[in-house]
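Undergrad: structure for the following, please:
(chains A, B, C and D)
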There are 4 protein chains.
Amino acid sequence: MLVVMRAHATEEQVQAVCKRVESLGYKAHSMPGAQRVAIGITGNQGTIDPGGIEEMPGVGEVISVSKPYKLVSRDVKEDNTVIRFPRLPNNDSEAVIGGSELAVIAGPCGIESREQAFAIAERVQRTGAKFFRGGAYKPRTSPYAFQGMGVEGLKIMAEIRDRFGLRIVTEAIDGETLDQVEQYADVIQIGARNMQNFSLLKRAGRARKPVLLKRGMSATLEEFLMAAEYIMSEGNYNVILCERGVRTFADHTRNTLDLSIVPAVQRLSHLPILVDPSHGTGKRNKVTPLARAAVAVGANGLLVEVHNDPEKALSDGMQSIYPDQMDALMVEVRQIAAVLKRSVAPPVDARETAAANTR
Amino acid sequence: MLVVMRAHATEEQVQAVCKRVESLGYKAHSMPGAQRVAIGITGNQGTIDPGGIEEMPGVGEVISVSKPYKLVSRDVKEDNTVIRFPRLPNNDSEAVIGGSELAVIAGPCGIESREQAFAIAERVQRTGAKFFRGGAYKPRTSPYAFQGMGVEGLKIMAEIRDRFGLRIVTEAIDGETLDQVEQYADVIQIGARNMQNFSLLKRAGRARKPVLLKRGMSATLEEFLMAAEYIMSEGNYNVILCERGVRTFADHTRNTLDLSIVPAVQRLSHLPILVDPSHGTGKRNKVTPLARAAVAVGANGLLVEVHNDPEKALSDGMQSIYPDQMDALMVEVRQIAAVLKRSVAPPVDARETAAANTR
Amino acid sequence: MLVVMRAHATEEQVQAVCKRVESLGYKAHSMPGAQRVAIGITGNQGTIDPGGIEEMPGVGEVISVSKPYKLVSRDVKEDNTVIRFPRLPNNDSEAVIGGSELAVIAGPCGIESREQAFAIAERVQRTGAKFFRGGAYKPRTSPYAFQGMGVEGLKIMAEIRDRFGLRIVTEAIDGETLDQVEQYADVIQIGARNMQNFSLLKRAGRARKPVLLKRGMSATLEEFLMAAEYIMSEGNYNVILCERGVRTFADHTRNTLDLSIVPAVQRLSHLPILVDPSHGTGKRNKVTPLARAAVAVGANGLLVEVHNDPEKALSDGMQSIYPDQMDALMVEVRQIAAVLKRSVAPPVDARETAAANTR
Amino acid sequence: MLVVMRAHATEEQVQAVCKRVESLGYKAHSMPGAQRVAIGITGNQGTIDPGGIEEMPGVGEVISVSKPYKLVSRDVKEDNTVIRFPRLPNNDSEAVIGGSELAVIAGPCGIESREQAFAIAERVQRTGAKFFRGGAYKPRTSPYAFQGMGVEGLKIMAEIRDRFGLRIVTEAIDGETLDQVEQYADVIQIGARNMQNFSLLKRAGRARKPVLLKRGMSATLEEFLMAAEYIMSEGNYNVILCERGVRTFADHTRNTLDLSIVPAVQRLSHLPILVDPSHGTGKRNKVTPLARAAVAVGANGLLVEVHNDPEKALSDGMQSIYPDQMDALMVEVRQIAAVLKRSVAPPVDARETAAANTR
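TA: Got it, this is the predicted structure:
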């Protein structure tokens, strides 16, 4: 931390600040400049509140220097975090998030029935995506809206993994549902509304599965990284970040997708970051363009909502794309990823899949 | 859906409608008003057939509510919700939130020690405030920051109630801490970061204590009311709303206090709404002006952070005012409240208090 | 850069410093304060060598101002800027903005006809307000919307000054209309959309009438003050700031009124700041509560839209209050102002006015 | 426009609304529904203020149906607007904005000297970009910052056109500078701060050169299109839109680049839309990733700040990329454009250029 004194601060005022800093257990380094004195503070762990000092006589401003996050930082770990998912009985290829292959996670907003989930999963698999998403516990704005199928939904997704060789990504909304999700899924999702539900973050930090953390609707970069830090501080280092749009005055999309956070995160942190253009725009016709842009900006992967019958979806139908649109999206995304030297798994031949599935 | 009973419907008729509604698989919420009883129906996914109910004795009309919120709405309950807190052994006067008396809740951000809490509580009591706030469980942006004293903090606050006759308001951050808070406190606070933690809202809805719900940092009016609806839909109708600033581009305050939401809420909802100028500005020197403004705009009360030694506060010291500033704030607030025909309890004479406290 | 003269520096010494500064190619702005004179230096691109000036007779100190604004700052001029409007033939009382009396500016959004404007002006005068506002040049979002009556509107307002003794506040939207406005009005308004129209600001800085500068929809405090600095840097020191709401995600009002900027401005700057609750909320039923709040927070005055027939107003009818509501607003505002030791001129007796007007 | 009555509105209330609508000169169409009555309003030109009606008894809400913009709309002109720039003496190839070739506009923020401008222009030309940008009139937040070289700057750019065959894009900030810009430049830029400077928009609408209109910092899609409508309503149909970031709470970039507006504009309007990743991020290291994303989302072109010595730039150095970075950017952009079936002119061989320039 750095305290910049006013231009006309007296020597006594400078001394008083130094004294206060040292009374708090830190070290003060007075650095006189041409116009004004600056006082460097060391020995703090990043948790010191500038409040008191800011109000002392002669103080101009207090600048936070040391970043509050640690484990998420490239200062601690320079190399990218690469999360590997082992081969599955039904899928010969390893899946990876954070490596040179783009991670594609696709599926419906909510699991509504076994039939719906299987129909979508089959199409998702054929696109080359290696991850299936679907909500079993849905955080809905209204208590009267569809809240998800619960454990039944989780079991359907576990079947999907066995049948289609897709890894399962699904959301937990509290400690109890996290217990369940941890048991059935491959990746535990923490939703945007819970990005600062610190109890849940700590619980996720004690889980043995990777955690996909979505950015809160009005989270700054620092808050986003600090939420990841909560998870890591409990011992779970497999955190995947996800930009999903922030709240602004703009009303042509449901949220404003902030793609610039991708290079910003990659500069500061070793953690992988995905983009969700479905929630990020809230409009079906914007999903494909923004998915292309997300890959072009350098995201490590995509999270896309796909529904075979979006008009009848029990949640978020408006922003789910059709399976055919997903196919087209993958074609474009594959080409753009190549420009950035990233690969995307090829589509799976339909007949081959059918054969494999009946083996 | 909403069933509005005739003005002279009997209690039996109301009961019969509730029974019928529940036999259809929905939940009935009887809401007695000054003129007539309204029965909110929740648990329906879309439109339900009002046929049978419309012809039952005592029923005036059946209204399909288009707004997503129901129980929070003035359509369901026209009269203001007034939450009464009974007399305490050590305090002869009733406390009320939502009535003609302005509710003043004051205290430190976090309980740091018995000495600190008692010193502040004594000063709070003397101002005429009837509620004491203090955090035992602190949701902090950093996992390395002070997280609160936990149950020890709750016990200290329970002592404060006994000693100073102040009702206790404190935050719960998950199901487990809510169990504790419900046991020790008079009002359960749900913080801004948890405004859409729907599991926690539902749990609060099953609590037997009033709930103070803070507006999320980027919550629209509708989302704010829907969060209250979550609590009410589980049966707890004693919800107190609280504006605490929203996130905008403006950087001269930590948040932008949106006072216009006070008349907006009062137009749509019967629930009381308070204002927190401490979090709403994040700066000590803005607390008093904005507290005056909050009372002038018509808020039902204030939530103010007071600390006897804010420079050494373990959290939010920067925005806590000194006890002497609180005294001055109350003098101004009392005068402004009078312009709106609201009263504020008079300050308590110091000596009288001392005498009372040693009895 | 800022030259602070000694407390007893002579006028000659001040002049000598100004001359020296200008001989160096900069502009000198002499700002007399209660205790001593400060001389702001503008026109420098970065740091300039204070050497020579520091040793001139009467000079106390030379301060390099780090904040980008200078002339607006309390560092340059500690005492509040008070703008005085002389007595008018038809109005015995002086009007003031920035003093102990609350300035009230009221009138329709746009001047639509002589009849409409006179009818409203009569009611405005009776409330005790001393300023009449009305648009002759309207910056409208659509090129197809009513764009104002132009010079005809200005002439009607000049008549209103003569007839009712009200000072006229009206908006200029470019250099040409500013020429006209300067001729007919008492205060030149620069609208929110033009807050960073730097050509217009410079032109206003060369005008001989006070300028009312509205905060831009997404202006930070610093940008707002810098816009005022533009005006002052051209020599016009009579700048009045006005908060009128900023753009946020919140959708229950048209803009979010940011009352915290009032104490923030007053801390940094000597300029008066008013609040416009009409544009600040965009909703008639929110104008009175927010006007009360604006006075309570400490604003130097109000800007309120009043219309005798708002349903038929050609612009902004939705946010204009009725004359009777204005009467009621003034009653409340007068009481709240008294709490802050501010006065508001009393209402003018209707009959007395009538008599005066026919004299 | 559509008026939705409350569920329990009386027949008299419905009639009163119809009457009011017709008294305003419009036609009212009462449409009774199952739950409530809706009243369609026709005959309005898009300028009717819903205010009065919204407050009438029984009215639930008023919904604007007909879009306020016309000339910008695809309803009026279905095919994309393609703006063609004829061959130049020194450049055989036609330039186009809005066609199948990506338009690339590059150059320094401000023209600082002939040497600087020429050095950058030479590098810009070699990348294959066909447009050179540079500011002669700079709208700066501070009156004390570099305000541009004025006409001298324009003359330098005219020379650059002659020498390098680049079309010139530069900003006008008021009527007088627009006269100058129109004379020297190929495209007249209207900056973000002037997006609602309606006098300037009208003046640009009477110019005979294409206009590049940058989105205001807090402009909604509708306001952005309405600003273009202002220009077109005066007869100039060659309008190019440009997204350059909006103001939000996010602080990791100077503005938040809202790429979703690109497909949103393209859906509603026939006008071309470019993206400025330099102002849109304010950080050099984010320019290339966001430029890639802008092309991937489907923008018609890019506006990029390039400086040969950005550390010494008199404005916006922080966000200007180096010429070598521009070369690399073009390589990536060319590949991504191909995925969208767009072309980008090839780089110009250095020796060939030299030869051409000396002919």
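Undergrad: how close does A:Asn308 get to A:Ala121?
TA: 10 Å (C-beta to C-beta, to the nearest Å). Where you see a C-beta, it was placed from the backbone N, CA and C, and this is true even at glycine.
Undergrad: which one's more surrounded, these two?
TA: More crowded of A:Asn308 and A:Ala121, by other C-beta atoms under 10 Å in any protein chain shown: A:Ala121, with 26 against 18.
Undergrad: measure how buried A:Val62 is and give me the count.
TA: A:Val62 has 23 neighbouring residues, counting by other C-beta under 10 Å.
Undergrad: contact residues of the stretch 201-350 of chain A facing chain B?
TA: A:202, A:217-218, A:222-223, A:226, A:229-230, A:233, A:247 (C-beta under 8 Å from any C-beta of the partner chain).
Undergrad: if we go to 10 Å?
TA: Within the stretch 201-350 of chain A, the positions lying close to chain B (C-beta under 10 Å from any C-beta of the partner chain) are A:201-203, A:205, A:216-220, A:222-223, A:226-227, A:229-234, A:246-249, A:314.
Undergrad: which residues touch the closest residue to A:Ser218 other than its chain neighbours?
TA: Among residues not flanking A:Ser218 along the chain, B:Ser218 sits closest, at 3.7 Å (C-beta to C-beta, 6 or more residues apart in numbering or on different chains). Going by C-beta atoms under 10 Å, 6 or more residues apart in numbering or on different chains, B:Ser218 touches A:216-219, A:246-248, B:192, B:195, B:246-248, C:248-250, D:249.
Undergrad: now which of the residues of the stretch 201-350 of chain A next to chain B would you call buried?
TA: A:201-203, A:205, A:216-220, A:222-223, A:226-227, A:229-233, A:246-249, A:314 (16 or more other C-beta atoms under 10 Å in any protein chain shown).
Undergrad: how far away from the center of its chain is stretch A:286-303?
TA: The chain centroid and the centroid of stretch A:286-303 are separated by 14 Å under C-alpha atoms, centre = their mean, to the nearest Å.
Undergrad: how about it and chain D, any contact?
TA: Yes - contact between stretch A:286-303 and chain D is present through A:286-299 (criterion: C-beta under 10 Å from any C-beta).
Undergrad: rounded mean pLDDT for that stretch, please.
TA: Model confidence over stretch A:286-303, given as mean pLDDT, is 98.
Undergrad: give me the pLDDT for A:Lys70.
TA: Looking at A:Lys70, its pLDDT stands at 81.
Undergrad: what count of nearby residues applies to it?
TA: 18.
Undergrad: ok, the closest residue in space to it that isn't next to it in sequence - how many residues close by?
TA: Once flanking residues are discounted, A:Lys70 sits nearest to A:Val76: 5.8 Å by C-beta to C-beta, 6+ apart. Other residues within reach of A:Val76, judged by other C-beta under 10 Å, total 12.
Undergrad: check which helix or strand covers A:Val76.
TA: Here A:Val76 sits in a region with no helix or strand, counting by DSSP states H and E.
Undergrad: does it touch A:Leu268 like I think?
TA: No - using C-beta atoms under 10 Å as the test, A:Val76 is too far from A:Leu268 to be in contact (11.0 Å).
Undergrad: what sits in contact with each of those two?
TA: A:Tyr69.
Undergrad: and the strands in the stretch 251-359 of chain A?
TA: Taking DSSP state E, counting those that start in this stretch, the strands of the stretch 251-359 of chain A run over residues A:273-275, A:301-305.
Undergrad: quick revisit: can you list residues touching both of A:Asn308 and A:Ala121?
TA: Common contact partners of A:Asn308 and A:Ala121 (C-beta under 10 Å, 6+ apart): A:Pro108.
Undergrad: the nearest residue to A:Ala172 once chain neighbours are set aside: what's it in contact with?
TA: Distance criterion C-beta to C-beta, 6+ apart; nearest residue to A:Ala172, sequence neighbours excluded, is A:Leu178 at 3.7 Å. By C-beta under 10 Å, 6+ apart, the contact list for A:Leu178 reads A:137, A:171-172, A:185, A:188, A:190, A:200, A:203-204, A:206-207, A:209, A:211.
Undergrad: which among those end up buried?
TA: Here, 16+ other C-beta under 10 Å leaves A:137, A:171-172, A:185, A:188, A:190, A:200, A:203-204, A:207, A:209, A:211 buried among these.
Undergrad: nearest to chain C, of the residues you listed?
TA: Distance to chain C across those (C-beta to the nearest C-beta) is lowest for A:Ile190, with 22.3 Å.
Undergrad: quick one: contacts for the closest residue to that closest one other than its chain neighbours?
TA: Spatial nearest neighbour of A:Ile190, chain neighbours left out: A:Leu213 (5.0 Å); criterion: C-beta to C-beta, 6+ apart. For A:Leu213, the contact set (C-beta under 10 Å, 6+ apart) comprises A:188-192, A:194-195, A:201, A:204, A:224-225, A:227-228, A:230-231, A:239-242, A:271, A:273.
Undergrad: among the residues you listed, which are in strands?
TA: A:188-190, A:239-242, A:273 (DSSP state E).
Undergrad: how about whichever residue of the stretch 101-250 of chain A sits closest to chain D: what's its closest non-neighbour residue?
TA: Residue of the stretch 101-250 of chain A nearest chain D, by C-beta to the nearest C-beta: A:Leu221 (4.1 Å). Counting by C-beta to C-beta, 6+ apart, A:Leu221 lies nearest to D:His252, which is 4.1 Å off, once chain neighbours are set aside.
Undergrad: what does A:Thr220 give?
TA: A:Thr220 sits nearest to D:Asp251 (C-beta to C-beta, 6+ apart), 5.8 Å away.
Undergrad: I'd like to know how many residues surround the one you found.
TA: Neighbours of D:Asp251 under the rule other C-beta under 10 Å: 12.
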